[in-house]
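Colleague: I'll drop the sequence and a predicted model, then ask my questions.
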Amino acid sequence: MDKKKIPIPDFKELKRQGKKIRMVTAYDYPTAVIIEKTDIEMILVGDSLGMVVLGYDGTVPVTVEDIIHHAKPVVKGAPNTHIVADMPFMSYQVSIEDAIRNAGRLIKESGADSVKLEGGLDYAPTVKAIVKAGIPVMGHIGLTPQTAGSLGGFKVQGKDAKAAQDLIDSAIALEDAGAFAIVLECIPAPLAKIISQKLTIPTIGIGAGVYCDGQVLVTQDMLGLFDRFVPKFVKQYAQIGQLELEAFNKYAEEVALGVFPDDAHSFSMKEEVIKQLEY
């Protein structure tokens, strides 16, 4: 397939045309290579890697260095797919100067095309400053995993009128600040529809219903590779984890029985060479 990376302004055009944007996560080269062969437009190197790759209980421990380390091979594996690098917890909250510096590191050291940060109205000035520095920013509102504890856990956000209005105001503020897209996580579908209709930039939903301008899922969730829990909004398109388990068990069994490696998976020597050896 002749795949071309979509320029930042064209994402708004996709929304205008009513074309859905597809995004999934990746944290390594082999996964990125496979995604590159699809029509998926965007890859998120998300701080979800803390849970699904590094084994943490949440996203908070993830560092800028972690994101850079995992984004580099993704950029190499998917050169024609737009790569978004997540800004981890405390990489942008302390000061705007810190935020610009860390966003710059993510872009310069990993080769990613844009960064994503969580937060609404309070972080619009931060988004504006990063964009002014020449770095494209994707916003993220609703359930923000880095601060899920202060939100009462991993729960649907914006269910009452005040909370819903706050999310609408946050989305507008982020667009005004220069965000080129906004992730809407775990909010009611009717609210996501209202936000999507109010904005000229695309919304990318995860647990936000069908009315968003695009969707994102964590690859390990959708392929059945992460079994600690499965969020309600996740559809599992395959059970790769079960296939891996079966393969590892089969390998262990064959090694124990001495049937692997067989002749087909071994190297031979000429008989006359063996006869010359002293043993």
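Modeller: Looks like it arrived, so ask away. Numbers count the residues shown, from 1 in each chain.
Colleague: which intervals of this protein have sub-threshold pLDDT?
Modeller: Counting by pLDDT under 70, the chain has low-confidence residues at 1, 148-153.
Colleague: Domains in it, by residue range?
Modeller: 8-241, 243-275 (automatic domain parsing).
Colleague: Turn these into a markdown table, including mean neighbour count and distance to Asp2.
Modeller: The way it works is simple: take the backbone N, C-alpha and C, and place the C-beta from them, glycine included. Shown next, in a markdown table, are the domains of the chain (neighbours: other CB atoms under 10 Å; distance: least, CB to CB, whole Å):
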| stretch | mean neighbour count | distance to Asp2 |
| --- | --- | --- |
| domain 8-241 | 19 | 9 |
| domain 243-275 | 9 | 31 |
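Colleague: Tell me where the chain has helices.
Modeller: 8-16, 29-36, 49-52, 64-77, 96-110, 124-132, 161-177, 189-198, 219-222, 240-257, 271-275 (DSSP state H).
Colleague: wait, which of those helices is closest to Gly207?
Modeller: Comparing the helices of the chain against Gly207 with CB to CB, the closest turns out to be helix 189-198 (9.3 Å).
Colleague: starting at the chain centroid, how far to the closest one?
Modeller: Distance of helix 189-198 from the chain centroid (CA atoms, centre = their mean, to the nearest Å) equals 22 Å.
Colleague: And for it, what's in contact with it?
Modeller: With CB atoms under 8 Å, 6 or more residues apart in numbering as the test, helix 189-198 has contacts from 158, 164, 167-168, 171-172, 182, 184, 202-203, 205, 208-213.
Colleague: let's see it at 7 Å
Modeller: Helix 189-198 has contacts (CB atoms under 7 Å, 6 or more residues apart in numbering) with 158, 164, 167-168, 171-172, 184, 203, 205, 208-213.
Colleague: any chance of the helices of the chain in TSV, plus distance to Phe154?
Modeller: Formatted as TSV, the helices of the chain follow (distance: least, CB to CB, whole Å):
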stretch	distance to Phe154
helix 8-16	28
helix 29-36	24
helix 49-52	11
helix 64-77	21
helix 96-110	25
helix 124-132	24
helix 161-177	16
helix 189-198	17
helix 219-222	13
helix 240-257	21
helix 271-275	63
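Colleague: Out of these, which gets nearest to Gly142?
Modeller: Proximity to Gly142 (CB to CB) singles out helix 161-177 among the helices of the chain, at 6.4 Å.
Colleague: Restrict that closest one to CA atoms and write it as CSV.
Modeller: The C-alpha coordinates for helix 161-177 follow below in CSV (Å, rounded to 0.1, in the frame of the first residue of the first chain):
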residue,chain,number,x,y,z
ALA,A,161,-24.6,19.2,34.2
LYS,A,162,-21.7,21.1,35.9
ALA,A,163,-19.1,18.4,35.1
ALA,A,164,-20.4,18.1,31.5
GLN,A,165,-20.2,21.9,31.0
ASP,A,166,-16.7,22.0,32.4
LEU,A,167,-15.6,19.4,29.8
ILE,A,168,-17.3,21.5,27.0
ASP,A,169,-15.5,24.6,28.2
SER,A,170,-12.2,22.7,28.5
ALA,A,171,-12.5,21.4,25.0
ILE,A,172,-13.2,24.9,23.6
ALA,A,173,-10.2,26.3,25.6
LEU,A,174,-7.9,23.6,24.3
GLU,A,175,-8.9,24.3,20.7
ASP,A,176,-8.4,28.0,21.2
ALA,A,177,-5.0,27.3,22.7
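Colleague: ok, and the closest non-adjacent residue to Pro88?
Modeller: Distances taken as CB to CB, 6 or more residues apart in numbering place Val62 nearest to Pro88, at 4.4 Å, with adjacent residues excluded.
Colleague: Quick check: phi and psi on that neighbour?
Modeller: Backbone geometry at Val62, expressed as degrees, to the nearest 10, gives phi -60, psi 140.
Colleague: what residues are up against it?
Modeller: Taking CB under 7 Å, 6+ apart, one finds Asp47, Leu49, Gly50, Pro88, Phe89 in contact with Val62.
Colleague: Quick check: the farthest pair among these?
Modeller: Longest span within those, CB to CB: Leu49 and Phe89, 12.9 Å.
Colleague: contacting residues for Gly209?
Modeller: By CB under 7 Å, 6+ apart, the contact set of Gly209 is Ala189, Ala192.
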